[in-house]
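Asker: Any chance you can model this:
(one chain, ligands or ions: 1)
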Amino acid sequence: MTQSVDVVVVGGGQAGLAAGYHLRRQGLDFTVLDAGTAPGGAWQHMWESLHLFSPAAYSSLPGRLMPAQPGQTYPDARHVVDYLADYEKRYGLPVQHGIRVDAVRRDGDRLRVEADCGAWRARAVVSATGTWSRPFIPAVPGRGIFAGRQIHTVNYRHPADFPGQRVIVVGGGNSGAQIAADLALDGDVEVAWVTRRPPRFLADDIDGRVLFDVATARRRALDAGRSDTGGVASLGDIVAVPPVRAARDAGLLTAKPMFSRLTADGARWADGSRVGADTILWCTGFRPALAHLAPLNLRGPRGHIATDGTRTLDEPRLHLLGYGDWTGPASATLIGVGRPARDAAREIAGLL
Ligand code: FAD
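Answerer: Numbering: from 1, shown residues only. Down below sits the predicted model:
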């Protein structure tokens with residue numbers, strides 16, 4: 001069965017909900033299709049000890065402040081899931097869970113959105129599918145030879161899954177640092193933390209509030225034609241959240257440079273040194289989940305989809321929301337996605 005609607009939002013995580021909030025304010029008829037069977041997007045799947053790097057009030061979607069979590073300055077992932085579930089309900093957003101969109105294609109003056117259970121003809125589409133479903137692991141010599149277990153950030157839950165094991169954590173970003181700290185503080189896991197370049201910790205007093213202010217100041221400077229302030233990346237990579245600080249201060253978070261190859265029983269460096277391992281834990285990031293857009297043939301020479309803000313240049317009826325700074329400053333964060341969502345909804349209203 002094919003249904004007609006003004007706008008289809010693909011993905012019902014925080015970005016999809018923020019889009020829904022603003023589409024509603026524009027008075028548009030829309031539906032949100034979400035592959036997840038429950039509200040909360042990627043936050044449902046994060047590891048147990050994960051805490052936000054900003055206080056609740058600085059982690060809010062448009063219209064409704066995230067309430068503080070009792071006893072926690074930095075809320076945990078469960079609290080975010082509860083907040084998103086409440087947000088969806090409070091605003092009566094028409095989210096249909098358990099529907100995975102396979103394809104978006106051109107269909108005359110409409111876009112056709114296809115899923116297993118049916119199709120939608122829409123005048124515009126907002127794609128907000130995040131990155132969690134596309135974990136990235138780099139090609140490293142020997143990856144196929146290593147006889148132990150290889151997992152990614154998306155598979156990590158808690159240290160109890162690695163009793164007495166030797167684990168090599170790869171990755172110098174926030175996930176790598178937090179998971180290495182989590183394992184190291186547990187005491188029952190032997191951890192080696194490996195990063196491509198020396199880890200860059202942000203000053204202890206810098207949290208998501210400061211990062212958001214810096215990202216916003218950069219955007220304002222660029223919009224006003226002033227010189228690039230360097231933004232968040234100029235400050236460092238790793239937010240010193242309390243567990244990271246604790247592990248670092250206890251001397252448990254010292255990074256080794258990247259190994260040159262994996263062997264059957266661990267990793268080897270160019271100088272001949274070796275570390276044995278039972279598990280390699282790749283905290284090496286994600287890529288945007290955009291496979292459903294393949295029929296639109298929008299990818300440029302380096303696989304990139306060109307956008308102006310959130311609007312794709314080669315298909316003005318399609319907006320991309322929440323994947324990273326290329327779709328709006330800080331748009332992959334809770335507090336940052338509101339503004340690009342508002343801009344996308346306004347542009348769509350103008351177009352229709
Ligand atoms: P997601 O939350 O991934 O939601 C996408 C939704 O789309 C999912 O429900 C998925 O099921 C659905 N979907 C995917 N493909 C399809 C399809 N084909 N059809 C239908 N539905 C589909 N941000 C902060 O603000 N503060 C933090 O402290 C913070 N910490 C982070 C820590 C980690 C480890 C990570 C990975 C991210 C963190 N972020 C943080 C960043 C950000 O908030 C999250 O990545 C966020 O989940 C992105 O939201 P999203 O809505 O874009 O994507």
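Asker: need the contact list for G27.
Answerer: A349 (CB atoms under 8 Å, 6 or more residues apart in numbering). All C-beta spots, glycine's among them, are computed from the backbone N, C-alpha and C.
Asker: Then it would be within a helix, right?
Answerer: No. Looking at G27 with DSSP: H, G, I helix; E, B strand; the rest coil, it is coil, so not inside a helix.
Asker: And it, how far from R123?
Answerer: Counting by CB to CB, to the nearest Å, the separation of G27 from R123 is 14 Å.
Asker: try I280
Answerer: Using CB to CB, I280 is found at 47 Å from R123.
Asker: Next: I348.
Answerer: I348 is 8 Å from R123, by CB to CB.
Asker: Just the pLDDT for T229.
Answerer: pLDDT for T229: 63.
Asker: Show the subsequent helix or strand relative to the least confident helix or strand in the chain by mean pLDDT.
Answerer: The weakest-scoring helix or strand in the chain, judged by mean pLDDT, DSSP states H and E, is helix 208-223 (a mean of 69). Proceeding N to C from helix 208-223, the next assigned helix or strand is helix 242-249, under DSSP states H and E.
Asker: I'd like to know which elements that next one is packed against.
Answerer: helix 174-186 (3 or more CB pairs under 8 Å, 6 or more residues apart in numbering; DSSP states H and E).
Asker: now the helix it packs on: mean pLDDT?
Answerer: What helix 174-186 shows for mean pLDDT is 95.
Asker: Can you give the strand pairings for the helix or strand following that helix, parallel or anti for each?
Answerer: Following helix 174-186 in sequence order, the next helix or strand is strand 190-195 (DSSP H and E). According to DSSP bridges, strand 190-195 forms sheet pairs with strand 166-170 (parallel), strand 255-257 (parallel).
Asker: Quick check: mean pLDDT of strand 190-195?
Answerer: Averaging pLDDT residue by residue across strand 190-195 gives 97.
Asker: Next: stretch 293-304.
Answerer: The average pLDDT within stretch 293-304 is 88.
Asker: Show me what from the stretch 51-200 of the chain comes close to the ligand.
Answerer: 52-54, 59, 100-101, 128-130, 132-133, 175 (CB under 6 Å from any ligand atom).
Asker: I figured V104 hits A115, correct?
Answerer: No. Counting by CB atoms under 8 Å, V104 stays clear of A115, with 10.3 Å between them.
Asker: quick one: which of these two has more around it?
Answerer: With neighbours defined as other CB atoms under 10 Å, V104 and A115 compare such that V104 has more, 26 against 19.
Asker: interface residues of the stretch 201-350 of the chain facing the ligand?
Answerer: So the stretch 201-350 of the chain meets the ligand at 208, 289, 292, 322, 332-335 (CB under 6 Å from any ligand atom).
Asker: Domains in the protein, by residue range?
Answerer: Structural domains assigned to the chain are 2-133+286-351, 149-201+237-282, following automatic domain parsing.
Asker: how about the helices in the protein?
Answerer: In the chain, the helices defined using DSSP state H lie at 14-25, 77-90, 174-186, 208-223, 242-249, 338-351.
Asker: Let's have those in TSV, adding mean neighbour count.
Answerer: Converted to TSV, these look like this (neighbours: other CB atoms under 10 Å):
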stretch	mean neighbour count
helix 14-25	26
helix 77-90	19
helix 174-186	24
helix 208-223	17
helix 242-249	17
helix 338-351	20
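Asker: would you turn those into CSV with distance to M258?
Answerer: Putting the helices of the chain into CSV (distance: least, CB to CB, whole Å) gives the following:
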stretch, distance to M258
helix 14-25, 32
helix 77-90, 29
helix 174-186, 12
helix 208-223, 26
helix 242-249, 20
helix 338-351, 34
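Asker: To G285, which of these lies closest?
Answerer: helix 174-186 (7.8 Å; CB to CB).
Asker: Poorly predicted segments of the stretch 201-350 of the chain, please.
Answerer: Residues of the stretch 201-350 of the chain that meet the criterion pLDDT under 70 lie in 207-212, 214-216, 219, 227-236.
Asker: thinking again about what came up before, which of the domains of the chain sits closest to D223?
Answerer: Of all the domains of the chain, domain 2-133+286-351 comes closest under CB to CB, at 9.8 Å.
Asker: What's the end-to-end length of that closest one?
Answerer: 23 Å (CA to CA, to the nearest Å).
Asker: Any idea how far that domain is from the middle of the chain?
Answerer: 12 Å (CA atoms, centre = their mean, to the nearest Å).
Asker: show me what contacts I179?
Answerer: Neighbours of I179 in contact, by CB under 8 Å, 6+ apart: 47, 153, 156, 169, 281, 283.
Asker: ok, which pair from those residues is furthest apart?
Answerer: So for the contacts of I179, where distance means CB to CB, the most widely separated pair is W47 and V169, at 12.2 Å.
Asker: What segments of the stretch 251-352 of the chain are strands?
Answerer: 255-257, 261-263, 266-268, 274-276, 279-282, 307-308, 311-312, 315-320 (DSSP state E, counting those that start in this stretch).
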